[in-house]
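# Sequence first, predicted model second:
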Amino acid sequence: MKQDIILAGVGGQGILTIANIIDYAAQISGLSFKQAEVHGMSQRGGAVHSHVRLSDEAIFSDLIPKRAADLMLSMEPLEALRYIDYLSEGGQIVASQNPYVNIPDYPDLDKVLDAIKQSGNHVIVDSEKLSREAGSSRSQNTVMLGAASGFMVLEEKILLQSIREFFKSKGERIIDMNIEAFRLGREAAGI
Amino acid sequence: MKNKLLLGDEAVALGAVHAGITAGYSYPGTPASEVMEYLIKASAGGGFNANWCVNEKVAYEEALGVSFAGKRALVSMKHVGLNVAADPFMNSSITRINGGLVVVVADDPGMHSSQNEQDTRYYAQFAQTICLEPSSHQEAYDMTRKAFDLSEYFHIPVVLRMVTRLAHSRSQIMEKPAREKNKTHRASGKDWTLLPVNARRRFASLMKEQEMLLKFSQGSPFNMLDLNKQNKKLGIIASGIGYNYVMENINELSPAPSVLKISAYPLPHGLIQELAGHVDNILVIEEGYPFIERNIKGLFGIKGKKISGKLDGLLPITGELNPDLARKAMGLASLQGRSSVPDWLPGRPPQLCKGCPHIDTLKALTKALETYPKAVVFSDIGCYTLGALPPYNAVDTCVCMGASVSMSKGGAEAGIYPSVGVIGDSTFIHSGITPLLDAASRDTNMTVLILDNSTVAMTGGQPTVATGEKLENIIRGLGVDLRHIRRIVPLKKNLEENVEVIKEEVKHPGLSVIISFRACIYEARKGKKGAEK
């Protein structure tokens, strides 16, 4: 069993939080994993991505080869396209439909969403709306994790256990909000 | 034995803790910062000392003091940090290292967050010491401990070379039991007083030791030759994380090529000769410069053998390796897929954060210099370097730590007016004080803006040793004319006032220092949270 996942978004959108939740879930599941992330200069308001590799065998490369990713989880529509050439034939895209506009030349959103739809199997989620339903727009990343969870080799209950662990220090209210965000995302993806 | 989830940098730090360090020293720099961040957390309960230092040279020398006392020390830095620490590093290889001294250097191939992609293996060769180059988290952990043993056995500083991909990748490691720290047993002064009479003796001793270092790398399990007698065509030499990219693809090659994994230097001559004796073609896959390739190729190559890699263009000579490049070099076709990145996709470069004090300082500076089309703004290393990008286009240079101040002086002396230096508080403390002392001694006609945001922001908000009043006192102490040390607060509402201050000081025909003081917005938030608690 193995799964390669590309996480994409803009610095500050909580990509590394999702990555850490997946890492811990992989750890509980007894899987090997490697997760390459971006720190430093490349982080500030710029494009950010992370390569997550899960396997029941040894993993060598920290980076996923192009055309080898089983899943693309993007917090932002434009950023899904930036790494789309990592997606394998038959790979799954799970992307937020909500643009993060901090550049002057952000293209027409319909054009961006159309390009995603033409790129492969896709689920596009209104993470902003769902996160507000869950209680805070800051939970958009957990909404997206929920939306992608049905396509992962990790079990739902283990991902939930990992979310609880990750937000443990922030108190019950934050934990519950993120679990609700996860549930809403999962529901929106039709799983 | 426990299973732990760590960044590559953290695996190194934990390896050092379990190896029994007495102290760890560093200056922040991507991709090495997480080594010290982990050490600081791990040292919270006491047991050893771990702290940020004013720069890499100081950090290295503090570590040397620990080694002199007979105890183990780790010093960590990014690749260009070793340029700053090159003086103590080079000289320490001919002292007789006492307590284990391990130098962790994180290279940044591809320049994700750096101004060059220099390869630290050359430094290790330059100092004629051992370099270990892990390819996985487990190796990062294990090799750090081994590095301390080697340092104490051979009495040399040992280099552990990390690269961005491993430093900033997370995975699991198996821990080993921690061991005790060394007791104090001070070194002999004769071996550490590098007067020519001692230095000559010590250098001769290091040269004599080279044979033993070679014997070590030749027999080290970190260098591994997997010879396939059925394949005389191709042999691959892979080092560090280059090995991962080879192993990612190797199952598709039939018959399998022989593979020599190199993770310990000096180069294991014997193993390389053994491989070369067996195959016609040697492919070298290494992250960074073509260090191994150049060494084995030499001037004349090996007769009858083809050596491929970065020098013959099979792999790009610049940038970072990845599994796809390795695939191609191994003669495998690219994987197929239908989606490609649209050509109309705009870039999303890093940006100054919303509300960042640098934005207000740079805007005021640009406005103040509007009437001076010949002005040059020499800048430095930090978040404010992003001021070189649109929409600011506010600075003209970024070379190395502290160069803004010294280049302003040189520029001014070459006739540039206004000659302006822009430097952050932490970079100033790191390497800006000495050039400002130089400028003050001659009252050079230049203006230095010190952007005091009270932190080392770009690398993640590490503490700086002097900010606010303390920083101003340092500047006063350097002999800058007190009437021309000014303070501004970079806020939108102060724009006009700040423009006036900068204009006045640019007009002053001597050295001026303007401190632009407002905390990094992230630090300000952290401070608020702290106050609420």
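Arrived safely.
# what stretches of the chain score poorly on pLDDT?
The chain I'm using is chain A. The model of chain A has pLDDT under 70 over residues A:39-44.
# sorry, should have said chain B
By pLDDT under 70, the low-scoring segments of chain B are B:1-2, B:527-533.
# Tell me which residue of it lies closest to chain A.
The nearest approach of chain B to chain A comes at B:Thr30, 3.1 Å away (CB to the nearest CB). Using the backbone N, CA and C atoms, a C-beta is placed for each residue, glycine as well.
# and that residue, that's in a strand?
No: B:Thr30 is assigned coil when assessed by DSSP: H, G, I helix; E, B strand; the rest coil, not a strand.
# what about it, neighbour count?
B:Thr30 has 24 neighbours, counted by other CB atoms under 10 Å in any protein chain shown.
# Check the one 5 residues further on too.
For B:Val35, the neighbour count with other CB under 10 Å is 32.
# So what touches the helix or strand harbouring it?
Assigning secondary structure by DSSP states H and E places B:Val35 in helix B:33-42. Contact with helix B:33-42 is made by A:39-40, B:6-7, B:9-10, B:12-14, B:16-17, B:24-26, B:28, B:48, B:50-52, B:74, B:76, B:104, B:106, B:167-168, B:459-460, B:462, as judged by CB atoms under 8 Å, 6 or more residues apart in numbering or on different chains.
# where along chain A do the helices fall?
Taking DSSP state H, the helices of chain A run over residues A:15-28, A:77-82, A:109-117, A:127-134, A:140-149, A:156-166, A:172-188.
# Spatially central residue (nearest the centroid) of chain B, please.
In chain B, the centroid-proximal residue (CA atoms, centre = their mean) is B:Lys78; its distance is 1.1 Å.
# Do I have it right that the residue of chain B closest to chain A meets B:Asp108?
Yes: counting by CB atoms under 8 Å, B:Thr30 does reach B:Asp108; the two are 7.1 Å apart.
# that older thread, pull the CA coordinates from the helix or strand following the helix holding B:Val35 and hand them back as PDB.
Counting by DSSP H and E, the element after helix B:33-42 in chain order, helix or strand, is strand B:49-52. What follows is strand B:49-52, C-alpha atoms only, in PDB (Å, rounded to 0.1, in the frame of the first residue of the first chain):
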ATOM      1  CA  ASN B  49      23.400  24.700  27.200                       C
ATOM      2  CA  ALA B  50      21.800  25.800  23.900                       C
ATOM      3  CA  ASN B  51      21.600  29.300  22.600                       C
ATOM      4  CA  TRP B  52      21.600  31.600  19.600                       C
END
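# Buried ones in the helix or strand hosting B:Met90, by neighbour count?
In this assignment (DSSP H and E), B:Met90 forms part of helix B:86-92. For helix B:86-92, burial by neighbour count (16 or more other CB atoms under 10 Å in any protein chain shown) applies to B:86, B:88-89, B:92.
# Also stretch B:167-184?
Residues of stretch B:167-184 classed as buried: B:167-173, B:175, B:181-182 (neighbour count, 16+ other CB under 10 Å).
# Dump those residues into CSV; add secondary structure and distance to B:Glu413 as well.
Shown next, in CSV, are these (DSSP: H, G, I helix; E, B strand; the rest coil; distance: CB to CB, whole Å):
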residue, secondary structure, distance to B:Glu413
B:Ala167, helix, 40
B:His168, coil, 42
B:Ser169, strand, 47
B:Arg170, strand, 49
B:Ser171, strand, 52
B:Gln172, strand, 56
B:Ile173, strand, 53
B:Glu175, coil, 57
B:Lys181, coil, 51
B:Asn182, coil, 50
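# For the stretch 51-200 of chain B, what lies in contact range of chain A?
Residues of the stretch 51-200 of chain B lying near chain A by CB under 8 Å from any CB of the partner chain: B:112-113, B:165-166, B:168-172.
# and of those, the nearest to A:Ala134?
Nearest to A:Ala134 out of those is B:Arg170 (CB to CB; 26.7 Å).
# tell me the contacts of that closest one?
A:19-20, A:23, A:33-37, B:5-7.
# Not counting the longest helix along chain B itself, show me its contacts.
Counting residues, the longest helix in chain B under DSSP H turns out to be helix B:196-219. Contact with helix B:196-219 is made by B:93-96, B:128-130, B:150, B:154, B:156, B:190-191, B:194, B:223, B:264-271, as judged by CB under 8 Å, 6+ apart.
# That helix: how far from the chain's middle?
Distance, stretch centre to chain centre, for helix B:196-219: 27 Å (CA atoms, centre = their mean, to the nearest Å).
# For it, could you pull out the residues that count as buried?
Buried residues in helix B:196-219 (16+ other CB under 10 Å): B:198, B:202, B:206, B:213-214, B:216-218.
# how many other residues sit next to the closest residue to B:Gly242 other than its chain neighbours?
Take B:Gly242 and drop its neighbours on the chain: the residue closest to it by CB to CB, 6 or more residues apart in numbering or on different chains is B:Ile285, 4.1 Å away. By other CB under 10 Å, the residues close to B:Ile285 number 28.
# wait, isn't A:Gly150 in contact with A:Glu187?
No: using CB under 8 Å as the test, A:Gly150 is too far from A:Glu187 to be in contact (10.1 Å).
# Looking at these two, which is more packed in?
Of the pair A:Gly150 and A:Glu187, A:Gly150 is the one with more neighbours under other CB under 10 Å, namely 15 against 12.
# The nearest residue in space to that one that is not next to it in sequence and A:Leu71: what is the separation?
Distances taken as CB to CB, 6+ apart place A:Ile191 nearest to A:Gly150, at 3.3 Å, with adjacent residues excluded. A:Ile191 sits at a distance of 13 Å from A:Leu71 (criterion: CB to CB, to the nearest Å).
# These two: which has the busier surroundings?
Using other CB under 10 Å as the criterion, A:Ile191 and A:Leu71 rank with A:Leu71 on top: 21 against 14.
# Make sure that one is actually in contact with A:Ala95.
No: using CB under 8 Å, A:Leu71 and A:Ala95 do not qualify as a contacting pair, with a distance of 11.0 Å.
# any shared contact partners between the two?
In contact with both A:Leu71 and A:Ala95: no residue, using CB under 8 Å, 6+ apart.
# coming back round to it: of the contacts of helix B:196-219, which belong to helices?
B:150, B:154, B:190-191, B:269-271.
# Give the buried subset of those residues as a ChimeraX selection command.
Those of the ones in helices among the contacts of helix B:196-219 that count as buried under 16+ other CB under 10 Å are selected in ChimeraX with:
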select /B:150,154,191,271
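# how about the residues of the stretch 301-450 of chain B that lie near chain A?
Residues of the stretch 301-450 of chain B lying close to chain A by CB under 8 Å from any CB are B:322-324, B:327, B:334-342, B:344-353, B:383, B:386.
# List buried residues within those residues.
Buried among those by 16+ other CB under 10 Å: B:322-324, B:327, B:337, B:339, B:342, B:345, B:348, B:350-353, B:383, B:386.
# Inside helices: which ones of these?
Those of these lying in helices (DSSP H): B:323-324, B:327.
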